[in-house]
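**Q** Structural data only, the sequence is not supplied:
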């Protein structure tokens with residue numbers, strides 16, 4: 001039975017990861033600020049990483065050597081510097097949750113593999129890329145590292161929606177049931193390869209202890225790619241609703257919302273590296289995953 005530490009643990013992906021690990025019989029700790037409940041069975045550690053002294057003391061004070069640490073809340077390079085400084089003697093392996101937003105939207109390949117010369121220089125993706133670079137230049141021999149770049153993550157615990165102007169839209173189900181047109185940039189023709197959070201959690205746990213994954217970066221995406229409009233069409237069909245789309249012009253939307261560029265490109269990925277490391281990629285069909293996602297939201301609304 002292995003020891004897992006999640007930095008985070010009360011959020012969407014981190015909570016899904018915690019529950020998946022518990023189902024495997026792992027011992028699970030989660031470090032959070034203590035503001036939201038943790039899944040039953042998780043051992044809570046309370047500290048804010050923005051308080052470096054308490055962060056370090058809390059982890060050291062737990063008296064545990066973790067087989068795997070998954071950082072779900074590193075958003076800037078100083079966060080990774082903190083991980084390397086504090087966890088080197090406390091953990092065997094660190095998995096950093098990065099993002100597919102690290103890729104420059106206008107210079108992607110189809111499918112996109114892990115290696116590229118074209119990374120974004122702005123926004124959220126740029127900060128995640130700086131985090132990656134901190135790991136890649138590190139010389140921590142005592143703790144291995146692995147980088148995971150998921151695409152759009154969906155599933156119970158989050159809101160539906162993968163594209164502006166209906167990304168993570170809490171009112172999406174109500175809009176579809178009311179027959180309201182969805183305002184999709186480019187008419188929803190951008191290709192997506194969404195990954196179910198439960199599948200992503202399984203991949204992350206499978207990477208734990210896998211020496212072929214040490215010092216490696218992995219794209220993680222679902223088993224099929226579809227136009228964004230098809231993602232919304234599946235949801236509408238599950239609700240017995242008609243999908244009506246109002247197309248928003250791409251150039252005009254980007255002019256007003258330049259930060260949305262990472263969403264407005266084809267997001268499809270080569271998962272060969274996972275196979276080569278002995279890790280089976282996500283396998284849940286999109287329709288099955290969305291059925292579970294929609295059911296969780298409609299149950300919550302009752």
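**A** That came through, no problem. Predicted, not measured: the structure shown is a model, and the values here were computed from it.
**Q** neighbours around residue 291, how many?
**A** Neighbour count for residue 291, taken as other Cβ atoms under 10 Å: 15. Any C-beta I mention is one placed from the backbone N, CA and C, and that applies to glycine too.
**Q** my guess is it contacts residue 237, does it?
**A** No. Counting by Cβ atoms under 8 Å, residue 291 does not reach residue 237; the two are 9.8 Å apart.
**Q** how distant is stretch 218-234 from the center of its chain?
**A** 14 Å (Cα atoms, centre = their mean, to the nearest Å).
**Q** For residue 229, which non-adjacent residue is closest in space?
**A** Distances taken as Cβ to Cβ, 6 or more residues apart in numbering put residue 188 closest to residue 229, at 3.1 Å, once the chain neighbours are dropped.
**Q** repeat for residue 277
**A** Residue 277 sits nearest to residue 212 (Cβ to Cβ, 6+ apart), 4.2 Å away.
**Q** Let me see the ranges of the helices in the stretch 151-300 of the chain.
**A** Counting by DSSP state H, counting those that start in this stretch, the stretch 151-300 of the chain has helices at residues 172-177, 197-207, 228-239, 250-256, 272-276, 286-301.
**Q** Who are the packing partners of the fourth one?
**A** Pointing back at helix 250-256 there. If contacts are counted by 3 or more Cβ pairs under 8 Å, 6 or more residues apart in numbering; DSSP states H and E, helix 250-256 sits against no helix or strand.
**Q** buried set for it?
**A** 250, 253, 254 (16 or more other Cβ atoms under 10 Å).
**Q** Could you export the residues you listed as a markdown table, including distance to residue 82 and pLDDT?
**A** Formatted as a markdown table, those follow (distance: Cβ to Cβ, whole Å; pLDDT from 0 to 100):
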| residue | distance to residue 82 | pLDDT |
| --- | --- | --- |
| 250 | 39 | 97 |
| 253 | 37 | 97 |
| 254 | 35 | 96 |
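**Q** got those as TSV, with distance to residue 57 columns?
**A** Listed next are the buried residues of helix 250-256 as TSV, based on distance: Cβ to Cβ, whole Å:
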residue	distance to residue 57
250	50
253	47
254	46
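**Q** what about residue 263, distance to residue 252?
**A** Between residue 263 and residue 252 the distance, using Cβ to Cβ, to the nearest Å, works out to 15 Å.
**Q** Residue 177 too?
**A** 29 Å.
**Q** Run the chain-centre distance for stretch 113-124.
**A** Taking mean C-alpha positions (Cα atoms, centre = their mean), stretch 113-124 and its chain are 16 Å apart.
**Q** buried set for that stretch?
**A** By 16+ other Cβ under 10 Å, the buried positions in stretch 113-124 come out as 114, 119, 120.
**Q** now do stretch 295-302
**A** residue 297.
**Q** and the residue nearest to residue 277, how many residues sit next to it?
**A** Around residue 212 there are 13 other residues, counting by other Cβ under 10 Å.
**Q** got a pLDDT number for it?
**A** With respect to pLDDT, residue 212 scores 97.
**Q** Could you list which residues are in contact with it?
**A** Residue 212 is in contact with 276, 277, 278, counting by Cβ atoms under 8 Å, 6 or more residues apart in numbering.
**Q** Quick one: the residues you listed as CSV, columns for neighbour count and distance to residue 161 too.
**A** Shown next, in CSV, are the contacts of residue 212 (neighbours: other Cβ atoms under 10 Å; distance: Cβ to Cβ, whole Å):
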residue, neighbour count, distance to residue 161
276, 11, 33
277, 17, 31
278, 12, 34
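**Q** What are the contacting residues of stretch 239-247?
**A** When contacts are defined by Cβ under 8 Å, 6+ apart, stretch 239-247 is touched by residues 173, 176-177, 179-188, 229, 232-233, 236-237, 294.
**Q** Kindly write the ChimeraX command that selects the buried subset of the residues you listed.
**A** To isolate the buried ones among the contacts of stretch 239-247 in ChimeraX, judged by 16+ other Cβ under 10 Å, type:
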select :173,176,182,183,184,185,186,188,229,232,233,236,237,294
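**Q** Give the residue spans of the protein that score low on pLDDT.
**A** 1, 140, 301-302 (pLDDT under 70).
**Q** switch to 50 and redo it
**A** Within the chain, not a single segment meets pLDDT under 50.
**Q** tell me the centre residue of it?
**A** Centroid-nearest residue in the chain, with Cα atoms, centre = their mean: residue 150, separated by 5.0 Å.
**Q** which residue sits closest to that one in space, ignoring its chain neighbours?
**A** In space, residue 150 is closest to residue 220, 4.8 Å off (Cβ to Cβ, 6+ apart).
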